[in-house]
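Trainee: need a structure here:
(one chain, ligands or ions: 1)
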Amino acid sequence: MNIALIAHDRKKEEMVNFVIAYEEVFRHHELFATGTTGTKVMESTSLQVHRFMSGPLGGDQQIGAMVARNEMDLVIFLRDPLMAQPHEPDIIALLRLCDVQGIPVATNIASAELLVRSLGRGEFGWRDLKDKYKPGVI
Ligand SMILES: O=C(CO)COP(=O)(O)O
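Mentor: Here you go, the predicted structure:
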């Protein structure tokens, strides 16, 4: 599965600790991240992460492009709900596209944990049918 990891600055330590805790699950998947988040994850784990640009410079939009093509299977986006971001429109756009495509997205650590445990149990097999599933078409 293709997994996106994104964390705002005050959530980066939480993201790194989370990825360390579930490293054995993440090891079996392709990881993508915004620039700084990806760097911090790679510095603290043995995982390889495809890094896009930093979020404020367009990284959220680059991940959004994969989401729009239904190429991302899970998005973990630890947002900072207490600090305004200069690229807020990009953030909203990314989350909107997750809803357009029906892609699982976690914006806090509790939801992330539930989704990653589900992933570890092999419960994301339905994503293999993604080419057959067209959003908005019943
Ligand atoms: O700003 C971000 C997401 O909106 C995160 O970007 P970085 O991982 O580059 O800090």
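
Trainee: what lies in contact with the helix or strand containing residue 76?
Mentor: Element membership for residue 76, per DSSP states H and E: strand 74-78. Residues from elsewhere that reach strand 74-78 (C-beta atoms under 8 Å, 6 or more residues apart in numbering): 1-8, 11, 14-15, 18, 63, 67, 91, 94-95, 98, 103-109, 112, 115-116, 119, 124. C-beta: built from backbone N, CA, C; applies to glycine.

Trainee: stretch 104-113 now?
Mentor: Contacts for stretch 104-113 (C-beta under 8 Å, 6+ apart): 14, 18, 73-79, 95, 98, 114-115, 124.

Trainee: wait, does the strand holding residue 76 contact the ligand?
Mentor: No. Using C-beta under 6 Å from any ligand atom, strand 74-78 stays clear of the ligand, with a minimum separation of 7.2 Å.

Trainee: let the chain start at 24 from now.
Mentor: Done: numbering now begins at 24, and the last item shifts to strand 97-101.

Trainee: just give the nearest non-adjacent residue to the residue in the chain that the ligand sits nearest to, would you?
Mentor: Residue of the chain nearest the ligand, by C-beta to the nearest ligand atom: residue 78 (2.2 Å). Distances taken as C-beta to C-beta, 6 or more residues apart in numbering place residue 57 nearest to residue 78, at 4.4 Å, with adjacent residues excluded.

Trainee: surely that neighbour touches residue 77?
Mentor: Yes. Assessed by C-beta atoms under 8 Å, residue 57 is found in contact with residue 77 at 6.0 Å.
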